[in-house]
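Enquirer: my questions concern the predicted model and sequence given below.
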Amino acid sequence: MTHLPLYLVLGAVTIGASHLHAEQPKDSKAPGVPVLVKLDAWADVGGVAHVRWVTAQGDPAKGQVEYGPTPDLGFLAVEDPNNLRGTTNNRDAGTGWANNHRADLRDIKAWPVFLRVTGTTRSGRAFASEVLTVNRPEQPLGRAIDERVRIAIDPGDWKVERLPITVGIPFAKGEWGDPARARVLIAGQEVACGVKAVVRWREDQSVKWARIDFLAPAAAREAVFQYGSKVARLKTGPDAAPTAAACLPIAAELLDDRGRRYRSVVQSSEIEESNPVKSVVKVSGHHVAEDGSKLFAFTARCHQWPAAGLQRVDYTVENDNIQNEFTSLQSLAIGLAGSKPLARTPLVPQAMRSNWPTGSEFSRGKISSGSGSLAARKASDWLGWFSWAARIGR
């Protein structure tokens, strides 16, 4: 097996319920004014109930979902804590409170499930919704019987024997519902693949977006995605086995405005996804100084194609230093783990360094704001470590 360099890329079916409240008045703290503005709940084919609710502006809240197999409920799930991390909309960070809320219920043992949302606003007002009923939907088949989508393959300048291909395909509502009823053909022959329903239409749980993974011979210029109720996948096989979940092939180093160094330290890892072609290992941690202080969390996703000897890493830096409105950095460098940092080449133009947005992406030195991901291309393009200066807002 040839091992190549690491690539781095910094209505017919009732399945839910909704409850609408009156529009928010200007003084959302006034007595008698409803706190809950909107509440939606539905379930997916995997058996997860999704709950989303909005509370009135001006008096943020926090809450939980009470649920159970009967209207008496009996179980409790707190809202996603990521909702309560504050905002940059004004000087009041609002840490611990929010206006947009969500919770996902994954341990439901019996259907339908009954639920309601309860909570408290920052001013101390308690609120509770009506009890809603949510049914679990059946696996939809969709209208498609035997349909095909052509996928053009451009190998670019990749010098590999087998090309790792990942492609997303959208589908109309009700078109197709079962990822098991799909396969990939190259030159008329089925090849091993992974098919995942990434997003489903809420109303009928048919597939809205599917992600397909497969390996194509270097000479291939086209593949065909075949799907429908009469399509049977023959090549199933075992899932691709990832390497050690805690092994991160890259390392990062932050240098704050006082010259203190923070190096990436892995705190947790998990196999997030696996199919016959590719596995994805999620690695999380913080950038930690020698004295144990932390600056910015990170999440790295290691995509591995064992049969091709290839891997890719998506490295996301998260500014969780929300007690400060801005955090100034001298540099952030990323390189292969165990390598010696060489000359640090700033990737951000000098004019941008004093006011860099919270999330920015670089690819071969080009900056685009908003993604929160750090992306680059071939490791063989690197002249040591990537490095740039920034002032990052929460």
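Expert: Alright, I've got the coordinates. Fair warning: this is a prediction, and the values are worked out from it, not measured in the lab.
Enquirer: now do Ala22, the pLDDT please.
Expert: As predicted, Ala22 sits at a pLDDT of 39.
Enquirer: low-confidence bits of the stretch 151-300 of the chain, can you list those?
Expert: Under the criterion pLDDT under 70, the flagged ranges of the stretch 151-300 of the chain are 243-247.
Enquirer: for the stretch 101-250 of the chain, what spans make up the strands?
Expert: 113-121, 126-128, 132-134, 147-152, 162-170, 182-186, 189-191, 193-200, 207-217, 222-227, 250-256 (DSSP state E, counting those that start in this stretch).
Enquirer: could I get these as JSON lines with distance to Asn83 and mean neighbour count?
Expert: Using the backbone N, CA and C atoms, a C-beta is placed for each residue, glycine as well. Converted to JSON lines, the strands of the stretch 101-250 of the chain look like this (distance: least, C-beta to C-beta, whole Å; neighbours: other C-beta atoms under 10 Å):
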{"stretch": "strand 113-121", "distance to Asn83": "11", "mean neighbour count": "21"}
{"stretch": "strand 126-128", "distance to Asn83": "16", "mean neighbour count": "14"}
{"stretch": "strand 132-134", "distance to Asn83": "20", "mean neighbour count": "20"}
{"stretch": "strand 147-152", "distance to Asn83": "37", "mean neighbour count": "13"}
{"stretch": "strand 162-170", "distance to Asn83": "27", "mean neighbour count": "17"}
{"stretch": "strand 182-186", "distance to Asn83": "35", "mean neighbour count": "22"}
{"stretch": "strand 189-191", "distance to Asn83": "42", "mean neighbour count": "15"}
{"stretch": "strand 193-200", "distance to Asn83": "21", "mean neighbour count": "18"}
{"stretch": "strand 207-217", "distance to Asn83": "24", "mean neighbour count": "21"}
{"stretch": "strand 222-227", "distance to Asn83": "36", "mean neighbour count": "20"}
{"stretch": "strand 250-256", "distance to Asn83": "26", "mean neighbour count": "21"}
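Enquirer: closest to Ala77 out of these?
Expert: Distance to Ala77, taken as C-beta to C-beta, is lowest for strand 113-121 among the strands of the stretch 101-250 of the chain, at 8.9 Å.
Enquirer: for the closest residue to Phe127 other than its chain neighbours, what are its contacts?
Expert: Excluding the flanking residues, the one nearest Phe127 by C-beta to C-beta, 6 or more residues apart in numbering is Val35, at 3.9 Å. Contact analysis of Val35 by C-beta atoms under 8 Å, 6 or more residues apart in numbering lists Ser28, Thr55, Ala56, Asp59, Ala61, Gly119, Thr121, Arg125, Phe127.
Enquirer: ok, Val51 next?
Expert: Val51 touches Leu39, Asp40, Ala41, Val65, Arg102, Ala103, Asp104, Leu105, Leu115, Val117, counting by C-beta under 8 Å, 6+ apart.
Enquirer: of the residues you listed, closest to Arg143?
Expert: Using C-beta to C-beta, Asp40 is the member of those that lies nearest Arg143, at 26.4 Å.
Enquirer: bridging residues for the closest one?
Expert: With DSSP bridges applied, Asp40 shows beta-bridge pairing to Ser18, Arg52.
Enquirer: tabulate the contacts of Val35 (a markdown table), appending distance to Pro69 and pLDDT.
Expert: Formatted as a markdown table, these follow (distance: C-beta to C-beta, whole Å; pLDDT from 0 to 100):
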| residue | distance to Pro69 | pLDDT |
| --- | --- | --- |
| Ser28 | 35 | 54 |
| Thr55 | 27 | 94 |
| Ala56 | 31 | 92 |
| Asp59 | 33 | 90 |
| Ala61 | 27 | 94 |
| Gly119 | 23 | 97 |
| Thr121 | 30 | 95 |
| Arg125 | 30 | 95 |
| Phe127 | 24 | 96 |
